[in-house]
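J.: pasting the sequence and the predicted coordinates here, then a few questions.
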Amino acid sequence: MLVAAFPQPADGSSLLHAIWASVGFCALTIWPAAAWRRGPGVPWALRPAVCATAAAMLVLLLAWFAAEVVTGGRQEGLAERVLGVAQAVWLLTVVLSCRHPARAASAPPHAPPEPARA
């Protein structure tokens with residue numbers, strides 16, 4: 001919300017926009033590393049290996065974006081959009097993986113197979 005409160009002007013740049021965008025990008029990038037859980041009932045997207053992979057990919061994309069910003073590269077807009085989409089897809093993936101066990105738990109139990117008669 002703070003990024004939207006301090007929009008980028010038509011000409012030039014906004015330091016407050018850049019600061020709050022950086023805070024948001026960094027928080028969303030490290031979130032997978034802080035969110036992982038262990039245990040049999042943990043949704044697959046929150047398991048350590050999956051979270052570590054997601055965090056590593058997001059860190060690489062954030063580094064690319066930061067490099068573009070610092071060097072004044074030509075791909076700054078592309079890097080920003082790719083990072084933003086990757087972060088959004090990660091959040092959607094976590095939500096969908098959390099919903100899957102809920103559907104399975106709310107389904108009626110299956111009747112056990114009847115034993116074969118000889």
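T.: Happy to help now that I have it. All values derive from a computational prediction rather than experimental measurement.
J.: now for the host helix or strand of residue 97, which elements pack on it?
T.: Assessed by DSSP states H and E, residue 97 sits inside helix 76-106. Using 3 or more CB pairs under 8 Å, 6 or more residues apart in numbering; DSSP states H and E, the elements in contact with helix 76-106 are helix 15-35, helix 48-71. Placement of C-beta: from N, CA and C, glycine included.
J.: mind listing what's buried along it?
T.: By neighbour count on 16 or more other CB atoms under 10 Å, the buried set for helix 76-106 is 76, 79, 80, 83, 84, 86, 87, 90, 93, 94, 97.
J.: avg pLDDT for it?
T.: Across helix 76-106, the average pLDDT comes to 83.
J.: relative to helix 15-35, how tilted is it?
T.: With axes from the mean of the first three to the mean of the last three CA atoms, to 10 degrees as the basis, helix 76-106 and helix 15-35 are set at 40 degrees to each other.
J.: now helix 76-106: how far from the chain's centre is it?
T.: Using CA atoms, centre = their mean, to the nearest Å, the mean C-alpha position of helix 76-106 is found 5 Å from that of the whole chain.
J.: please apply the same query to stretch 57-72.
T.: Counting by CA atoms, centre = their mean, stretch 57-72 comes out at 16 Å from the chain centroid.
J.: what's the average pLDDT for that stretch?
T.: For stretch 57-72, the mean per-residue pLDDT is 92.
J.: contacts for that stretch next, please.
T.: Contacting residues not belonging to stretch 57-72 are listed as 25-26, 28-30, 32, 73-76, 79-80, 82-83, 86-87, 90 [CB atoms under 8 Å, 6 or more residues apart in numbering].
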